[in-house]
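Q: quick one: sequence and predicted model below, then my questions.
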Amino acid sequence: MSDLEDLYREIILDHYRSPRNRGELPSPPAHRVEGFNPLCGDEVVVTMVVEDDRLADIKIGGTGCSISQSSASLMSGAVKGKTLPEVRELVRTFKSMMSIHEASLEGEVPDELLNPAELGELAALQGVVKFPVRIKCATLSWNALVQGLEELAQATP
Amino acid sequence: MSDLEDLYREIILDHYRSPRNRGELPSPPAHRVEGFNPLCGDEVVVTMVVEDDRLADIKIGGTGCSISQSSASLMSGAVKGKTLPEVRELVRTFKSMMSIHEASLEGEVPDELLNPAELGELAALQGVVKFPVRIKCATLSWNALVQGLEELAQATP
Amino acid sequence: MAPVTTGPIDVEALRKDFPLLSRTVHDRPVVYLDSAATSLQPRSVLAAMDHYYETTHANVHRGVYATAEEATRLYELARRAAGRFVGAPDPDHEVVFTKNATEALNLVAHSWGRTNLKTGDVVLLTEMEHHANIVPWLMLAEERGIELRYLPVGDDGRLDLTDLDRLLDGVKLVGVSAMSNVLGTINPLADIAVAAHERGALVVADGAQSVPHLPVDVRSLGVDFLAFSGHKMMGPTGIGVLWGRAELLDAMPPFLGGGGMILDVRTDRFVPADVPHRFEAGTPPIAEAVGLTAAVEYLEQVGMERIRAHESALTGYALDAIASRLGGDCRVFGPTSVDGRGGVLSLAYRDVHAHDLAQVLDQYGVCVRAGHHCAKPLMRRLGVSATARASIGPYNDEGDIDTLIEGLAEAGRLFG
Amino acid sequence: MAPVTTGPIDVEALRKDFPLLSRTVHDRPVVYLDSAATSLQPRSVLAAMDHYYETTHANVHRGVYATAEEATRLYELARRAAGRFVGAPDPDHEVVFTKNATEALNLVAHSWGRTNLKTGDVVLLTEMEHHANIVPWLMLAEERGIELRYLPVGDDGRLDLTDLDRLLDGVKLVGVSAMSNVLGTINPLADIAVAAHERGALVVADGAQSVPHLPVDVRSLGVDFLAFSGHKMMGPTGIGVLWGRAELLDAMPPFLGGGGMILDVRTDRFVPADVPHRFEAGTPPIAEAVGLTAAVEYLEQVGMERIRAHESALTGYALDAIASRLGGDCRVFGPTSVDGRGGVLSLAYRDVHAHDLAQVLDQYGVCVRAGHHCAKPLMRRLGVSATARASIGPYNDEGDIDTLIEGLAEAGRLFG
Ligand SMILES: Cc1ncc(COP(=O)(O)O)c(C=O)c1O
Ligand SMILES: Cc1ncc(COP(=O)(O)O)c(C=O)c1O
């Protein structure tokens, strides 16, 4: 499999063409966060509703490249309905997959370090780590999600 | 003759050790100008009296390297008592000897372009042109003199 | 390099001067189409810098020993070379070395701007300015309450000068890019300068894109300041140039403070040095200046007229080839003809995102930029968040354009 | 370079790494004793930059293609190398690349200073500061009405800290050179930092002379900012470094405006990017960063402890040899012992002017600097207008010192 095919796997192109959970929830009551990648101009708008320590609903808006948009779509599917601890665990797992490169500016990219099974469809984004510039695209929506959860946690003491 | 001997000719060392017209004329009535070379810290103080379109008196103060101080001493001897047009002509001749290099950053230093006879003892400073950095030392007092003459010309309309 | 110096450039011979072009990526030869971001360097530029470091390196302006004198001479010769290259009448008093074009523009904003602009004064920019010629003025606007106005960009990708006269009202300075790094548009600087001067306004031209690709003459342009960068004109990184009219520079206060820019320092005050040293605090980019001289000499030897002709012809080829081979799928922003247009091709291909286009092209060895190209206001004006930008240099040929088009078509297939 | 990395430096082997040392001037081998002005570069630094230009050159942070990605990686690795070299805990967020140490200090004065200093606030400097750490503060004093105070230099060439506590009253920032470029004095930064922090003042250290010659660790020094230059530490010209504590940099507004330092730009406002990009407007010194990495690697391989030991021994040799061979004719400014003293030897020889000394020495191939060394307030304190300064690098040996002394003696004869 060429690097390019590894990056643009079928699942990714599918989520790019037909994004899941597309749109914006009315906010309030939903919580709204914007993510922005100054390098390429990608924008993502995450609206979310948390109820009983659970991410009850989430929708994704914004525009950008196939990686940022498919990652947001994949994320929305993966976190929707999950409890907050589960969401946080998933974020951690995903980010550790993505930060492989950031940690290894010096060069050594470990071949395999996570069990892709844990990630389900999200594992399709693993090809991104070979394209360091695109990691920021893939993590854009995730960072917005984390920011939103933090803001909500601070708002409810 | 080595470049160094050409630079530090006996006349120069003599004027350095025993500067002529050393001191400061009381000002007023004398006109006082300070010259300053920021690169090496050389300072020269020129005090002058102009009477009847003639440089009636001049004295030199300040501290600095052998080139700046001997040049000032040589200058004082060469201009003292001369008419202003004569002084200006001498300045022009001296400066053209010195600016040989400035004009020729590109490289071609003409071997001989002035008749040293016109310059008298001042010709001893000709060795300086081979040391571009020192040209500023040699011209320091001359620039102060020119500035003083200009200031005086402006003061008497 | 081709010894022939008239007629068209012998690109094949010229390419041999650029080591990077013999590199492969992803098993394909590099197709370098990113000269608007930074150019490649010919071997002679690298050799000049190496030679400098190996035989002459010393700090400038402060030493009497042989190599220090020689280093100073080389540094000052670079000033003359840079000045000569843009037709400066008196480079020794008009050329300031900075770290890049951005610093040059900041210098004008900071030193000239803070001295001459007060609350309510207007700076007129254009909608196609690079951030380097916007943000310094925004910072000043925030600090000083000056007003920024923008000359609009028409749908043809050219400046719309219809309202120029009205827009010039109250304007103290016009900041305008000589050539757009997004649209390739070559702006009518001379006309703008005449209009601005009639209204008592000065003109600072951003020559980052024009100086490397067009014959530039500050006298015939009639501008007051011109900023450009070494690394876009086959020189090294780490050096930029501000040319300014001597009497303007003379009246400007220092920008950065430190060694080399003073006549005297006391514990409670300092006396600034003369121009250009007043604006060159600290150890300057000495080796970079030597490299810049070599770059100027290289460009002069090839000839700016010939470079312009070559790039113009290749731009025409690209515009035609894209239209005929990709048809309506590919949109090129900016002027549609090569008149008054340089070799910068900002592209949109179907609805494939610029980032993805650039990624696919990379697999073909094609180097293009994707993004906002540091011109976000222009992106908003064009109604896009990013474009893929292919930009041409003297070392590009039709084969490079063909590979670009091949890669675009593949992106089309992949994103179907 | 010598493969041995413990014990004393094999200077003879190391000298082979520096091409300039095989040059002759006036038919004599170059004796380079001007490392305090700028160091020589080893071949590996030049090779790294050439290799970069020949295989990888591209603009950073904005490209997805292979070489752009690689260039970005190399540039960011340089940040880590520079940070690691001075013990920065988190280089990615603490190291800003500038054009030289001077710009780094101006950045602090401009960005931190304008935000945190108001009329009446005091900045405490020392009488031995380089102009780079005086003039930016004088400019701010003029603009803002802040007060500058100076820690005095004692007759032993060391800072006189007797009144430190009193002088710290009302002080918001202390600016202090880690090592004097005139006296060689190594200042007790850690002590000063403790005292300053007790009074709520920050410390900006000028490391231009210390970083190339001593092991430096920002954590153990406890300073808040550290500025240094590539060209004094065997790196290229055109690059400097500002290290700062992350939380301080985070709170500081931008300095220069342009591409790369923004998150967003609109026609009427902009949003600055995060640190360190916020402070790196325009195309950065990319090749220079690559060269700096190579320089850091070279210095690390030789070992800063060993460099310090070598230079210290050679300084001791020089102090002894000058005293024994030239006796009372030659005065060396600064501390008389090598304790807390680097290899900077400012000399006065009889009443021969520094300029003339340097000129005579040049005939011996000896490169020394003559002048005020950008430290005019210190010159006034020493009561001289200029000194001749010989300064030592890792590549110097006893023979260099012997030639220096030979030349001084000749100047004595000539000026008899
Ligand atoms: C102590 C000190 N500080 C600052 C500087 C300024 O360094 P640069 O000229 O590289 O900006 C120097 C060198 O000239 C120096 O010796
Ligand atoms: C039109 C224009 N102006 C200014 C700049 C800034 O140049 P630099 O990044 O070399 O400062 C650029 C390049 O990025 C440009 O294209």
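A: Great, that's in hand. Residues are numbered from 1 along each chain as shown, chains lettered A, B, ... in the order given. Ligands and ions are numbered 1, 2, ... in the order given.
Q: excluding residues flanking it in the chain, which one is nearest C:R199?
A: Closest residue to C:R199 apart from its sequence neighbours, by C-beta to C-beta, 6 or more residues apart in numbering or on different chains: C:L168 at 4.6 Å. Every residue, glycine included, has its C-beta placed from N, CA and C.
Q: are we agreed that C:T38 is in a strand?
A: No: using DSSP: H, G, I helix; E, B strand; the rest coil, the assignment for C:T38 is coil, not a strand.
Q: could I get the pLDDT score of A:S27?
A: For A:S27, the model assigns a pLDDT of 83.
Q: so it touches A:D57, yeah?
A: No: the criterion here is C-beta atoms under 8 Å, and A:S27 misses it with A:D57 at 11.2 Å.
Q: between the two, which one's more packed in?
A: A side-by-side neighbour count of A:S27 and A:D57, using other C-beta atoms under 10 Å in any protein chain shown, places A:D57 first with 17 against 14.
Q: for the residue nearest to the more buried one when sequence neighbours are not counted, which three-state class applies?
A: Computed as C-beta to C-beta, 6+ apart, the closest residue to A:D57 that is not its neighbour in sequence is A:V49, at 4.4 Å. Following three-state DSSP, we place A:V49 in the strand state.
Q: isn't A:V49 up against A:A30?
A: Yes: applying C-beta under 8 Å as the test, A:V49 and A:A30 come out as touching, 4.9 Å apart.
Q: residues near C:P276, how many?
A: Neighbours of C:P276 (other C-beta under 10 Å): 23.
Q: I'd say C:V171 and C:A196 touch.
A: Yes: C:V171 sits in contact with C:A196 when judged by C-beta under 8 Å, with a separation of 7.1 Å.
Q: can you map out the helices along the stretch 301-416 of chain C?
A: C:304-326, C:354-363, C:376-382, C:398-415 (DSSP state H, counting those that start in this stretch).
Q: pretty sure A:L74 sits against A:Q126.
A: No: A:L74 lies out of contact with A:Q126 (C-beta under 8 Å); the separation is 11.7 Å.
Q: the more surrounded of these two?
A: Neighbours were counted for A:L74 and for A:Q126 using other C-beta under 10 Å; A:L74 has more, 26 against 19.
Q: residues contacting that one?
A: For A:L74, the contacting residues are A:11-12, A:15, A:20, A:121-122, A:124-125, by C-beta atoms under 8 Å, 6 or more residues apart in numbering or on different chains.
Q: just to revisit the earlier point, mutual contacts of A:V49 and A:A30, please.
A: With C-beta under 8 Å, 6+ apart as the test, A:V49 and A:A30 both reach A:D57.
Q: ok, the nearest residue to C:L21 once chain neighbours are set aside - how many residues close by?
A: Once flanking residues are discounted, C:L21 sits nearest to C:R15: 5.2 Å by C-beta to C-beta, 6+ apart. C:R15 has 19 neighbouring residues, counting by other C-beta under 10 Å.
Q: ok, the one 10 residues further on next?
A: Here the number of neighbours of C:V25 (other C-beta under 10 Å) works out to 18.
Q: can you check C:G291 too?
A: C:G291: 32 neighbours (other C-beta under 10 Å).
Q: does chain D have contacts with the helix or strand in which it is found?
A: Secondary-structure assignment from DSSP states H and E places C:G291 in helix C:286-302. Yes: counting by C-beta under 8 Å from any C-beta of the partner chain, chain D has neighbours in helix C:286-302: C:286-288.
Q: and which of those is nearest to D:L125?
A: Taking C-beta to C-beta as the measure, C:I286 is the one of the residues of helix C:286-302 next to chain D closest to D:L125, at 27.6 Å.
Q: quick check: chain neighbours aside, which residue is closest to residue 83?
A: If you meant another chain, say so; for now it's chain A. Leaving aside its chain neighbours, A:T83 sits nearest to A:R54 (5.1 Å; criterion: C-beta to C-beta, 6+ apart).
Q: nope, chain C please
A: Nearest residue to C:G83 in three dimensions, chain neighbours excluded: C:P91, at 2.4 Å (C-beta to C-beta, 6+ apart).
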